[in-house]
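>>> here is my input, please return the structure:
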Amino acid sequence: MLVVERSLTPREGVPMLSWVPMSATIHTDQTAPGPAPGAAGAPSPPGAGVAVRLQGLGRRFGATAVVADLNLSIPPGQFLALLGPSGCGKTTLLRLIAGLDTPDRGVIQLEGDREGRSRAYVFQEACLLPWRRVLDNVALPLELAGVPKAERRARARELIRLVGLEEASARYPDELSGGMKMRVSLARALITRPRLLLLDEPFAALDDFTRQYLDDHLQGLFLAHGMTVVFVTHSMAEAVYLADRVVMLAPQGGGVVLDQQVDLPRPRDQDTRVSPGYAAHIHCLATALARWATNGRAST
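Numbers count the residues shown, from 1 in each chain. So this is what the prediction gives:
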């Protein structure tokens, strides 16, 4: 039996933003919640990602089964990419893990994040507050958590530096390009030092040049922070470049089509994109998708 508890926080009534440190607790009724973690944004040791375990997970919308009897385990510190055609439940699954939606059945276990305060969610849109400069947009999660102004701004400046936007810290969102806005969104998500980072196609609307640039930024942040990452994408090339593991889903609750480890060495760079190993992984994914399109579509 799944138990979902949600407590009121100072964020109630605040528009849904791309950083979203989660306040929902998800656990089984056999396991009592552990002690509350330290103050918001407390640092985590390197590699201290959250382990995610999904057992018999199901979610329906009306007569349509979007997720059906899904079992999936993600070890701490792994970068997992969720891949598949539209309608296969990638975003639904991400929202279930985040606690933004509730499954109809099944169990979600987040080991190492019992109070739900070590998660951050990055949406497809940057969702920056237009009346706030970059610095204060990035610092917003710590402001809502009651962190003193000097401390939160110092932390925000460090994240802005890490995403390469030092010269833009005093700009407003309407003075930024699409790629710059997404970098601000990433910085805002990371300022709470999450142990589980959930991203829903954050670079999908960007051109290829900007997308590859931000993929490199995200990889660098992942290697530096050691958190668990679940990344939704439609791009096979992006999934292989970023992930340690790619899980491909079929539509209408069709389940896992392929669960593939990506053994390419890190850090990955432009040479990776033209390597035989990179091409072989993409070919494997494309073959699995073609096989499903030929044999599986009629039964889903």
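>>> use CA for all of it now, contacts and neighbours both
Will do.
>>> got the confidence number for the closest residue to Gly112 other than its chain neighbours?
With Cα to Cα, 6 or more residues apart in numbering as the criterion, Gly112 has its nearest non-adjacent residue at 5.3 Å, and that residue is Val50. Per-residue confidence for Val50 comes out at a pLDDT of 92.
>>> repeat for Ala205
On pLDDT, Ala205 comes in at 81.
>>> cool, the one 3 residues further on as well?
Per-residue confidence for Asp208 comes out at a pLDDT of 88.
>>> quickly note the distance from it to Phe61.
34 Å (Cα to Cα, to the nearest Å).
>>> show me where the stretch 1-150 of the chain has helices.
Assigned by DSSP state H, counting those that start in this stretch, the helices in the stretch 1-150 of the chain fall at 90-98, 134-144, 149-162.
>>> with mean neighbour count added, can I get those in CSV?
Output for the helices of the stretch 1-150 of the chain, formatted as CSV (neighbours: other Cα atoms under 10 Å):
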stretch, mean neighbour count
helix 90-98, 22
helix 134-144, 23
helix 149-162, 18
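>>> strands of the stretch 1-150 of the chain, residue ranges please.
Secondary structure of the stretch 1-150 of the chain by DSSP state E, counting those that start in this stretch: the strands cover 2-6, 24-28, 51-61, 64-74, 79-83, 105-111, 119-122.
>>> is it possible to get JSON lines of those strands that adds mean neighbour count and distance to Leu162?
Below are the strands of the stretch 1-150 of the chain laid out as JSON lines (neighbours: other Cα atoms under 10 Å; distance: least, Cα to Cα, whole Å):
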{"stretch": "strand 2-6", "mean neighbour count": "15", "distance to Leu162": "33"}
{"stretch": "strand 24-28", "mean neighbour count": "21", "distance to Leu162": "29"}
{"stretch": "strand 51-61", "mean neighbour count": "18", "distance to Leu162": "26"}
{"stretch": "strand 64-74", "mean neighbour count": "17", "distance to Leu162": "27"}
{"stretch": "strand 79-83", "mean neighbour count": "26", "distance to Leu162": "19"}
{"stretch": "strand 105-111", "mean neighbour count": "20", "distance to Leu162": "28"}
{"stretch": "strand 119-122", "mean neighbour count": "27", "distance to Leu162": "17"}
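>>> shaky segments in the stretch 101-250 of the chain?
Counting by pLDDT under 70, the stretch 101-250 of the chain shows low-confidence ranges at 113-117.
>>> I'd like to know how far the residue nearest the centre of the chain sits from Ala189.
Centroid-nearest residue in the chain, with Cα atoms, centre = their mean: Leu198, separated by 1.5 Å. For Leu198, the distance to Ala189 equals 9 Å [Cα to Cα].
>>> kindly report the same for Arg291.
37 Å.
>>> cool, Lys90 as well?
Using Cα to Cα, we find Lys90 at a distance of 20 Å from Ala189.
>>> any chance of JSON lines for the strands of the stretch 1-150 of the chain, columns distance to Arg268?
As requested, these are exported to JSON lines (distance: least, Cα to Cα, whole Å):
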{"stretch": "strand 2-6", "distance to Arg268": "38"}
{"stretch": "strand 24-28", "distance to Arg268": "34"}
{"stretch": "strand 51-61", "distance to Arg268": "24"}
{"stretch": "strand 64-74", "distance to Arg268": "21"}
{"stretch": "strand 79-83", "distance to Arg268": "13"}
{"stretch": "strand 105-111", "distance to Arg268": "28"}
{"stretch": "strand 119-122", "distance to Arg268": "22"}
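>>> nearest to Gly255, of these?
Each of the strands of the stretch 1-150 of the chain has some distance to Gly255 by Cα to Cα; the shortest is strand 64-74, at 6.3 Å.
>>> other residues contacting the closest one?
For strand 64-74, the surrounding residues in contact (Cα atoms under 8 Å, 6 or more residues apart in numbering) are 51-60, 80, 87-89, 92-93, 106, 251-256.
>>> same thing but at 7 Å, please
The contact list for strand 64-74 (Cα atoms under 7 Å, 6 or more residues apart in numbering) reads 51-60, 88-89, 252-253, 255.
>>> rewinding a little: surely the residue nearest to Gly112 is in contact with Leu198?
No. Using Cα atoms under 7 Å, Val50 is not in contact with Leu198; the gap is 11.5 Å.
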